[in-house]
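In: Provide a 3D model corresponding to the input given below.
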Amino acid sequence: MKLKYMVLGVVVAVILVGCVGPLVVGIFSETPLKFEDVSREEEFASYIGRRYVLTTNMLLYGVCLPPGYRDTIDQYFMTPDTPGPTGREVLSKERLEAGSSMEILGVQRSVRGIPGTSPTVEAIVNLPNHPKATNVPVTVNWSYILCPEYWTEDEMVAPRVPLAQP
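Out: Numbers count the residues shown, from 1 in each chain. Okay, the predicted model is just below:
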């Protein structure tokens, strides 16, 4: 009987290590996600050049990307105004007030992520009224773009037509 429980324990341990191990390695790895441009895909193409106005406050985090920790912001990302990330990689946190504008410049999807999870899709945006976010990419998780709780389309500005690529 003891042997039966020992074998069962080993099987459970192998399953847990096989499922949770890659997740733990992915989370604590210092390898950033790799992305591909998917702006031209039918699902995303109609969003490029659209301008939106925030209907609620959002947070803008400035972070340094792995490897290592520096004092230089490599990327900004926007999230709803709720408790968010902390740690050495977060170098700044600012509130974007409702009424701020944003233009979608492109869309990217992760090509290598944490095993067993869906790819991360992000919009690359321009914040015309935010002077610090001009030389560094600003991203927003695509799920927030699709949620009308956060944005309204800016009807005062017609969407810019992207240039045709050869």
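
In: quick check: domain ranges of this protein?
Out: Here the domain parsing of the chain from automatic domain parsing is 1-30, 34-153.

In: Next, format those domains as CSV and append mean neighbour count and mean pLDDT.
Out: Any C-beta I mention is one placed from the backbone N, CA and C, and that applies to glycine too. Putting those into CSV (neighbours: other Cβ atoms under 10 Å; pLDDT from 0 to 100) gives the following:
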stretch, mean neighbour count, mean pLDDT
domain 1-30, 10, 41
domain 34-153, 15, 89
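
In: For the residue positioned nearest the centre of the chain, name its beta-bridge partners.
Out: Per Cα atoms, centre = their mean, the C-alpha nearest to the average position across the chain is that of N141, at 4.2 Å. On the basis of DSSP bridges, N141 is bridged to E122.

In: surely L60 meets L91?
Out: No. When contacts are counted by Cβ atoms under 8 Å, L60 is not listed as touching L91 (11.6 Å).

In: Would you mind listing the residues touching both of those two?
Out: Common neighbours of L60 and L91 are not found (criterion: Cβ atoms under 8 Å, 6 or more residues apart in numbering).

In: could you measure R112 against T120, distance?
Out: 10 Å (Cβ to Cβ, to the nearest Å).

In: if I look at these two, which residues touch both of them?
Out: Taking Cβ under 8 Å, 6+ apart as the criterion, R112 and T120 both touch L33.
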